[in-house]
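Undergrad: Give me a model of this one.
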Amino acid sequence: MCILKSGKMTGNLDSHNTSTNWLPDTSIKYASMSKVTDWWQGYLKYQVPKSVRRKMLIFLFIVAICCITLIYSCFNCYVICSGTCNVLSIKPDLMTQNAQNITRLSSSHLKTSQRLPSCIIIGVRKAGTRALLQYLDLHPSIVASAKEQHFFNTDRYKLGLEYYRKEMPPSLEDQITLEKTPAYFSDLMTPERIYRMNSSIKLLIIVREPVTRLISDYTQLKFVKGQRNKEIEEFEDLVLDENGEVNTGYRPVQRSMYYHYFVNWLEFFRLDQIHITNGDALITNPYPELYNIETFLGIPHKFSQQMFYFNASKGFFCMSKESLETPCLSDTKGRPHPKVDPEVLEKLYDFFRPRNKLFFIQAKQTFDWP
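TA: Take a look at the predicted model:
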């Protein structure tokens, strides 16, 4: 019921005998408020036309959508907000910026936490694991541990997974946490331990031609002993026993017998969980190998052929200076190998050739090795 008073006239709007024609033109027409509309009309005594209300609602809806989109874009480092988000000024282009810096800036605006790795580079030693890690660490979808953890192959495993998790770098929920420890590949207990942590984890293995890897392993050991003022025997004396046969008791020789260790990993993981990278190809042309890894991990393809150039002094490819701040590996990488007796080399090739074929059968892929 609504009673209108204007001047000396008083009327009942709900009366059937009362006409609204007697209302003056200057009077405000009051409307009765139903239970459905009074929650939003409040004390507003005059009725807004439906066409106006509809336009207001559409306008408010559009404003709300724009605000949500703007907020999302500003917090997403892969979307550039011109003018509004100049404080970020981030472009997801590996050719112009270090993608790792993009990840760090993104982490400052989005929630990060330390997570167990969802991908591990498990080996092989002296096959290019460090180069592979540094390349992948440039990808905005990957955050890599800076050091080798040696968690699954040492007594650190007794410290528990919580200790291991806290050793990992902070990452976003949609990023891959990556760890590298080449010694995992040849350790007998590591496959089962990693499986218990995450049975669906993805594993990366990088291999080189076994004899070349063997020589590189020897070169590394010789360098380390030289730093400690210790001498090491000649390569030929270590890789051959007293009978002139290949010394299978020498650890660098064992590490090049890939089939012997790969079978242990296949006991716990499907082959489609393991990606084998050609370490020799990573040296001569890294882009195709990195492209295949991006596909394997299911992440966007950010690398391009133009990002790499060949460093003649080091003997391998480096990232262009426009792509990142530290474009090449350290000086400890790419050391010259010692000259080896050709007869010893041929004997090593003959030794590894049938063993390589066993590895090819296991991996269901082949490599162009002598």
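Undergrad: For M307, grab the count of nearby residues.
TA: M307: 22 surrounding residues under other Cβ atoms under 10 Å. Quick note: C-beta positions are derived from backbone N, CA and C, even for glycine.
Undergrad: That one and Y135: what is the separation?
TA: Remark: distance between M307 and Y135 (Cβ to Cβ, to the nearest Å) = 10 Å.
Undergrad: intersection of neighbour lists for these two?
TA: M319 (Cβ atoms under 8 Å, 6 or more residues apart in numbering).
Undergrad: and E346, that's in a strand?
TA: No - the assignment for E346 (DSSP: H, G, I helix; E, B strand; the rest coil) gives helix, which keeps it out of a strand.
Undergrad: phi, psi of the closest residue in space to L271 that isn't next to it in sequence?
TA: Spatial nearest neighbour of L271, chain neighbours left out: K364 (6.5 Å); criterion: Cβ to Cβ, 6 or more residues apart in numbering. The phi/psi pair for K364 (degrees, to the nearest 10) reads phi 60, psi 40.
Undergrad: and what of H301?
TA: Torsion angles, degrees, to the nearest 10, at H301: phi -80, psi 110.
Undergrad: From what I see, it and P288 are in contact.
TA: No - contact criterion Cβ atoms under 8 Å: H301 and P288 do not qualify, at 11.5 Å.
Undergrad: Please say which of those two ends up with more neighbours.
TA: Using other Cβ under 10 Å, the more surrounded residue of H301 and P288 is P288, with 14 against 10.
Undergrad: the helices in the stretch 201-350 of the chain, which residues?
TA: Per DSSP state H, counting those that start in this stretch, the stretch 201-350 of the chain carries helices over the ranges 210-227, 235-239, 251-255, 258-266, 279-284, 286-297, 342-363.
Undergrad: list the buried ones in the last one?
TA: Going back to what we said before, that points to helix 342-363. Neighbour-count burial for helix 342-363 flags 344, 347-348, 351-352, 356, 359, 362-363 (criterion: 16 or more other Cβ atoms under 10 Å).
Undergrad: and the angle from that helix to helix 258-266?
TA: 20 degrees (axes from the mean of the first three to the mean of the last three Cα atoms, to 10 degrees).
Undergrad: Just list what helix 342-363 packs against, helices and strands only.
TA: Helices and strands touching helix 342-363, by 3 or more Cβ pairs under 8 Å, 6 or more residues apart in numbering; DSSP states H and E, are helix 210-227, helix 235-239, helix 258-266.
Undergrad: Out of the ones you listed, flag the one nearest R115.
TA: In terms of Cβ to Cβ, the element of these nearest to R115 is helix 258-266, at 22.7 Å.
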